[in-house]
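# Here is the input, now give the coordinates:
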Amino acid sequence: MDRVVLLLSVVCLGVSSQPITDSQRLFSIAVSRVQHLHLLAQRLFSEFESSLQTEEQRQLNKIFLRDFCNSDYIISPIDKHETQRSSVLKLLSISYRLVESWEFPSRSLSAGSAPRNQISPKLSELKTGILLLIRANQDAAEVFPDSSALQLAPYGNYYQSLGADESLRRTYELLACLKKDMHKVETYLTVAKCRLSPEANCTL
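Predicted structure coming up:
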């Protein structure tokens, strides 16, 4: 028993001897936040789908498959191999653009349940964290574009008064796209964070 305790102590000492940098700490916080947002988006989408009739679900799913998310205009890796080849700064920059693209649309999701009201403030916190990571990881010669140039147009006329069917479709699209985008951001930040650990296997 004493030998086991001694062995564990040596292992723990070896792990603790590796210094945790400010960048690693920021990455851990950012990954934790986006994981929470992704889970929240999954839950909200599932709850919304469950509230629909079977035919409504079928029709909305067909429509969504034909439509594009607003963020699809943001150039991002097409597969896991390109993601792994992308630089940390590129992954951070894409993540920032994805999160920022939700600044306006998320407001239309805030009305209603308490979980929905969490979306906008949590996106704002995540955006701030990613911007700090970008500044910490960019070279002096690199200049990150002004945030105003990264903003995309809102999701169509989401802020206008809509009919019942159109409103249903819009909510379905927004929740489905939010889930999709938060999954992307979670993947990019996780890979970027892994790059800070030379011994780690960052295979997706």
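# And for the closest residue to residue 71 other than its chain neighbours, the neighbour number?
Nearest non-adjacent residue to residue 71, counting by CB to CB, 6 or more residues apart in numbering: residue 101, 4.6 Å away. Just so you know, the C-beta spots here come from the backbone N, C-alpha and C atoms, and that holds for glycine as well. Using other CB atoms under 10 Å, the number of residues around residue 101 comes to 25.
# Tell me how far residue 101 lies from residue 74.
Residue 101 is 7 Å from residue 74, where distance means CB to CB, to the nearest Å.
# What separation do you get for the residue nearest to residue 71 and residue 114?
24 Å.
# Return the residues in contact with residue 189.
Residues near residue 189 by CB atoms under 8 Å, 6 or more residues apart in numbering: 27, 30, 31, 34, 91, 92, 95, 130.
# Try it again at 7 Å.
Residue 189 makes contacts with 27, 30, 31, 34, 95, as judged by CB atoms under 7 Å, 6 or more residues apart in numbering.
# And the helix or strand where the last one lies, what does it pack against?
Assignment of secondary structure by DSSP states H and E places residue 95 within helix 88-100. Counting contacts by 3 or more CB pairs under 7 Å, 6 or more residues apart in numbering; DSSP states H and E, helix 88-100 is packed against helix 119-137, helix 164-194.
# next one: the helix or strand just after that helix to chain centre, how far?
With elements assigned by DSSP H and E, the helix or strand that comes after helix 88-100 is helix 105-109. On the basis of CA atoms, centre = their mean, to the nearest Å, helix 105-109 sits 16 Å off its chain's mean C-alpha point.
# elements contacting helix 105-109?
With contacts taken as 3+ CB pairs under 7 Å, 6+ apart, helix 105-109 sits against helix 119-137, helix 164-194.
# Please point out which parts of it sit buried.
105, 106, 108, 109 (16 or more other CB atoms under 10 Å).
# any idea which of the residues you listed is closest to residue 79?
residue 105 (26.0 Å; CB to CB).
# rank the helices and strands packed on helix 88-100 by mean pLDDT and give me the bottom one.
Among the helices and strands packed on helix 88-100, helix 164-194 has the lowest mean pLDDT, at a mean of 88.
# residues of that helix that come out buried?
168-182, 184-194.
# got the angle between that helix and helix 88-100?
160 degrees (axes from the mean of the first three to the mean of the last three CA atoms, to 10 degrees).
# Quick check: residue 33 vs residue 185, distance?
10 Å.
# For the closest residue in space to residue 130 that isn't next to it in sequence, grab the count of nearby residues.
Using CB to CB, 6+ apart and skipping residues adjacent in sequence, the residue nearest residue 130 is residue 96, 4.8 Å away. Residue 96: 24 surrounding residues under other CB under 10 Å.
# Identify the residues contacting residue 96.
For residue 96, the contact set (CB under 7 Å, 6+ apart) comprises 127, 130, 131, 134.
# per-residue confidence at residue 58?
pLDDT, residue 58: 70.
# Quick check: it vs residue 127, distance?
Counting by CB to CB - residue 58 and residue 127 are separated by 35 Å.
# Of the two, which one has the most company?
Neighbour comparison, residue 58 and residue 127: the larger count goes to residue 127, with 20 against 11 (by other CB under 10 Å).
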